[in-house]
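Participant: what follows is a predicted structure for the sequence shown.
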Amino acid sequence: MLGVHLVSDGGTKPWRAHFRDPGFNNLQALSIMAQGGQVADVVVAIASIDMVLGGVDR
């Protein structure tokens, strides 16, 4: 789910707009999924949650 935070001063345009990609929330689960595994397992864990790292970087 895409997270959106809008703040307006009553005009026709928002004063502040912030969008949070759903991949950001999925990335937080990566540390739990990688516990007890090997470094090569991290690649599989990232692929299994199917996130776009470009959206997380914003």
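Facilitator: Thanks, I have it. Numbering: from 1, shown residues only.
Participant: just checking, what packs against the host helix or strand of Asn25?
Facilitator: Asn25 is located in helix 22-28, with elements delineated by DSSP states H and E. Packed against helix 22-28 by the contact rule (3 or more C-beta pairs under 8 Å, 6 or more residues apart in numbering; DSSP states H and E) you find helix 53-57. Using the backbone N, CA and C atoms, a C-beta is placed for each residue, glycine as well.
Participant: centre of the chain to the helix holding Asn25, how far?
Facilitator: How far helix 22-28 lies from its chain's middle: 3 Å, per C-alpha atoms, centre = their mean, to the nearest Å.
Participant: what's the average pLDDT for the helix or strand that comes right after that helix?
Facilitator: Under the assignment DSSP H and E, the closest C-terminal helix or strand after helix 22-28 is helix 30-34. For helix 30-34, mean pLDDT is 88.
Participant: got the CA positions of the helix holding Asn25 in CSV?
Facilitator: The C-alpha coordinates for helix 22-28 follow below in CSV (Å, rounded to 0.1, in the frame of the first residue of the first chain):
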residue,chain,number,x,y,z
PRO,A,22,5.5,0.0,-0.2
GLY,A,23,9.0,-1.4,-0.6
PHE,A,24,10.1,0.6,2.3
ASN,A,25,8.0,-1.4,4.7
ASN,A,26,9.0,-4.6,3.1
LEU,A,27,12.7,-3.8,3.5
GLN,A,28,12.3,-3.7,7.3
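Participant: point to the residue nearest the middle of the chain.
Facilitator: Phe24 (1.3 Å; C-alpha atoms, centre = their mean).
Participant: all good on my end, thank you.
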